[in-house]
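Participant: structure, please.
(2 chains)
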There are 2 protein chains.
Amino acid sequence: MHVLVTGAAGMIGRKLLARLASDGGLNGQPIEHLTLIDVMTPEAPAGFKDKVTAVAADLAAPSVADKLIAPRPEVVFHLAGVVSGEAETNFEKGYHVNLDGIRNLIEAIRVVGDGYRPKVIFTSSIAVYGAPFPHAIPDEFNLTPLTSYGTQKAIGELLLADYTRRGFLEGVGIRLPSICIRPGKPNLAASGFFSGIIREPLAGQEAVLPVSDTVLHTHASPRAAVGFLVHAASLTREQIGPRIGLAMPGVCCTIAEQIEALTRIAGPKVAARIRRQPDELVTRIVSGWPHRFDARRARELGFVAETGFDEIIRAHIDDELGGKIPA
Amino acid sequence: MHVLVTGAAGMIGRKLLARLASDGGLNGQPIEHLTLIDVMTPEAPAGFKDKVTAVAADLAAPSVADKLIAPRPEVVFHLAGVVSGEAETNFEKGYHVNLDGIRNLIEAIRVVGDGYRPKVIFTSSIAVYGAPFPHAIPDEFNLTPLTSYGTQKAIGELLLADYTRRGFLEGVGIRLPSICIRPGKPNLAASGFFSGIIREPLAGQEAVLPVSDTVLHTHASPRAAVGFLVHAASLTREQIGPRIGLAMPGVCCTIAEQIEALTRIAGPKVAARIRRQPDELVTRIVSGWPHRFDARRARELGFVAETGFDEIIRAHIDDELGGKIPA
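Facilitator: Numbers count the residues shown, from 1 in each chain, chains lettered A, B, ... in the order given. Reported below is the predicted structural model:
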């Protein structure tokens, strides 16, 4: 099997590659070749070194996608994109990367013709939803994004649904909840503090909490996110049906519950490193985000997330801190 | 006031121009200049001859939109598009005209900058909705189009909402129901028979009915459609709010009720010119279309359609047949 991963140098991309290397394949088949693309050259994962083509290029530039698709990968993980904050501050870049990128990719697939019909797993986002919201967002909730990022993701889903319907590919849009706990440094996403208030205290550093601790939000670990993508690749077109956008399950909890879980696992001294410093702008942005999802279709299709925030913290400690809480 | 009309040579475009000429202006202001564009040179309406710039060009081609927008029209009616049947049979043309067209247009507006913020009235369609449907489609129903045309219209609405939110323009998407009775020759739309079974018999010709006469559908006259567009231009951004796509009111009735209305108005001899010739493909396409809409928001905003199918037939006789039924 030949697998293409766009955005392969990003956090989810790298973790997906590590998972594929660890599994030794995808859908029970060995991976003969991996093509990786990102704006900087993606690193080949251990175990795939001699089977990897790694490309640094702009997927939205002419002919880049055609070259990636020419060897006909059977599965495409389309993760490339700029994050919500950047898509809002850099309007042109957001549309270029997040809209022209997916359009170039699926057009390159379409023009191959000849019965070629790869699976395309697209990382969409809960940013496709816009307030006002019901208590829990049902699977068939209207997409009324209130950010450019959410607009671009919603358009990506519409395109993927039409290209799937026409038989050019088999698409699925995975609406990721907030990924928590993100390893490494904060990125430009306004949701960054959800990870920061756990990651930094565990690393012995202070973290700023810019919103009230009554804020309710839905999270899934990076490990769960990778699990969603791998599971999506195993589903048939018949299982997914015409509505290819799927809200993923996750752990819905308040900031207070996040902090309680941190206290349980790492003690009050660690949790005391969270400094409350209310930020009006961040509070306003977060108040426009959805809190809770039914995610019934995804659960019925076998997508699995963590069952509590303790489990999300433990996944971080296992995957990023070698299983130990630093002293 | 300077008004730009794209798709100005089409049926709705020509009727909109006639209405503007008859009103002598828009929103109570005189029209100083009209810019018209279509793939063939649009005809200047009576009363505007010396105030018209008429262009034959492809709106989706580079720089065409920039030239149209350079003189900064205050109101843009974006009607240009290929119809549902053609967007389905000619995939590339559909995306080129229906998606690249609106994107070029609103990008040309955005890059002007400098506080320029025109009203953009976009003819969307009920094709943005995809089955399965509830008894009546509420305003907040999820957009899950099942045609490329509907996908392109839904994407156009998403783009227009984001450009509106960002303050580049003031957009509104008018989801037109089936326009009935279309004058002239049948077009490539699969819905053409809804007009044909009235128009042809009134003109002394036979018409084919390809579906069962229990089929339920929502209609508005060309006159009502033009009324929607003119009314939309009078609404403020505050009145419309962030959800800029609006399902329009219309007359919901069965084919049998259409035929009864025709019989009432023109007699059984005229109605007998309808020949039943079931067509499986058309029946299947039509079964995937929505039947009935709440259109509550549109009604509350003052959009008005006909109240019964008799009125729709009379509008046709008045506007197209000089008020008389041919013998």
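Participant: show me which residues of the stretch 201-327 of chain A are close to chain B?
Facilitator: Neighbours of chain B within the stretch 201-327 of chain A, by CB under 8 Å from any CB of the partner chain: A:242-243. (Each C-beta comes from the backbone N, C-alpha and C, glycine too.)
Participant: how about the strands in the stretch 201-327 of chain A?
Facilitator: A:207-209, A:216-220, A:245-247, A:251-254, A:274-276 (DSSP state E, counting those that start in this stretch).
Participant: again, but for the stretch 51-200 of chain A
Facilitator: A:52-56, A:75-78, A:119-125, A:170-176, A:178-179.
Participant: what lines up beside the second one in the sheet?
Facilitator: When you say that, I think you mean strand A:75-78. Sheet pairing for strand A:75-78, assigned by DSSP bridges, gives strand A:2-6 (parallel), strand A:119-125 (parallel).
Participant: what does the shortest one give?
Facilitator: Here strand A:178-179 has these sheet partners by DSSP bridges: strand A:216-220 (parallel).
Participant: what's the angle between the partner strand and strand A:170-176?
Facilitator: On the basis of axes from the mean of the first three to the mean of the last three CA atoms, to 10 degrees, strand A:216-220 is oriented at 130 degrees to strand A:170-176.
Participant: and the longest helix along chain A, what does it pack against?
Facilitator: Longest helix in chain A, counting residues (DSSP state H): helix A:148-165. Applying 3 or more CB pairs under 8 Å, 6 or more residues apart in numbering or on different chains; DSSP states H and E, one finds that helix A:148-165 makes contact with helix A:84-89, helix A:91-95, helix A:101-112, strand A:119-125, strand A:170-176, helix B:148-165.
Participant: need those in TSV (columns: distance to B:Pro242, mean neighbour count and mean pLDDT).
Facilitator: Output for the helices and strands packed on helix A:148-165, formatted as TSV (distance: least, CB to CB, whole Å; neighbours: other CB atoms under 10 Å in any protein chain shown; pLDDT from 0 to 100):
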stretch	distance to B:Pro242	mean neighbour count	mean pLDDT
helix A:84-89	15	19	89
helix A:91-95	17	17	98
helix A:101-112	24	21	98
strand A:119-125	18	26	98
strand A:170-176	20	26	98
helix B:148-165	6	26	98
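Participant: can I assume A:Pro183 is in contact with A:Met11?
Facilitator: Yes: A:Pro183 lies in contact with A:Met11 (CB atoms under 8 Å); the separation is 6.8 Å.
Participant: can you pull the residues that touch both of those two?
Facilitator: Common neighbours of A:Pro183 and A:Met11, counting by CB atoms under 8 Å, 6 or more residues apart in numbering or on different chains, are A:Pro222.
Participant: buried set for stretch A:258-274?
Facilitator: Within stretch A:258-274, the residues that count as buried by 16 or more other CB atoms under 10 Å in any protein chain shown are A:258-262, A:265-266, A:270-271, A:273-274.
Participant: residues contacting that stretch, please?
Facilitator: Applying CB under 8 Å, 6+ apart, the contact partners of stretch A:258-274 are A:194, A:197-198, A:200-202, A:204-207, A:209, A:213, A:253, A:308-310, A:312-314, A:317, A:325.
Participant: buried ones among the residues you listed?
Facilitator: Among the contacts of stretch A:258-274, the ones that count as buried by 16+ other CB under 10 Å are A:194, A:197-198, A:200-202, A:207, A:209, A:253, A:309-310, A:312-314, A:317.
Participant: ok, so of those residues, who is nearest A:Asp139?
Facilitator: Using CB to CB, A:Cys253 is the member of these that lies nearest A:Asp139, at 21.2 Å.
Participant: who touches that closest one in this structure?
Facilitator: Counting by CB under 8 Å, 6+ apart, A:Cys253 makes contact with A:216-217, A:219, A:261, A:308-309.
Participant: ok, back up a step: can you lay out the strands paired with strand A:75-78 as TSV showing distance to B:Leu68?
Facilitator: Shown next, in TSV, are those (distance: least, CB to CB, whole Å):
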stretch	distance to B:Leu68
strand A:2-6	35
strand A:119-125	34
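Participant: mind checking the ones you listed for the one nearest to A:Ala44?
Facilitator: Comparison of the strands paired with strand A:75-78 against A:Ala44 by CB to CB identifies strand A:2-6 as nearest, at 11.1 Å.
Participant: show me what whatever helix or strand comes next after that closest one is packed up against.
Facilitator: Once strand A:2-6 ends, the next helix or strand along the chain (criterion: DSSP states H and E) is helix A:11-23. The criterion is 3+ CB pairs under 8 Å, 6+ apart, and the helices and strands that helix A:11-23 contacts are strand A:2-6, strand A:33-38, helix A:222-234.
Participant: quickly compare those and say which is most buried.
Facilitator: Of all the helices and strands packed on helix A:11-23, strand A:2-6 carries the top mean neighbour count, a mean of 25, counting by mean count of other CB atoms under 10 Å in any protein chain shown.
Participant: alpha carbons of that strand, as CSV, please.
Facilitator: What follows is strand A:2-6, C-alpha atoms only, in CSV (Å, rounded to 0.1, in the frame of the first residue of the first chain):
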residue,chain,number,x,y,z
HIS,A,2,1.1,3.5,-0.8
VAL,A,3,0.1,6.2,1.7
LEU,A,4,0.3,10.0,1.2
VAL,A,5,0.4,12.3,4.2
THR,A,6,0.1,16.1,3.8
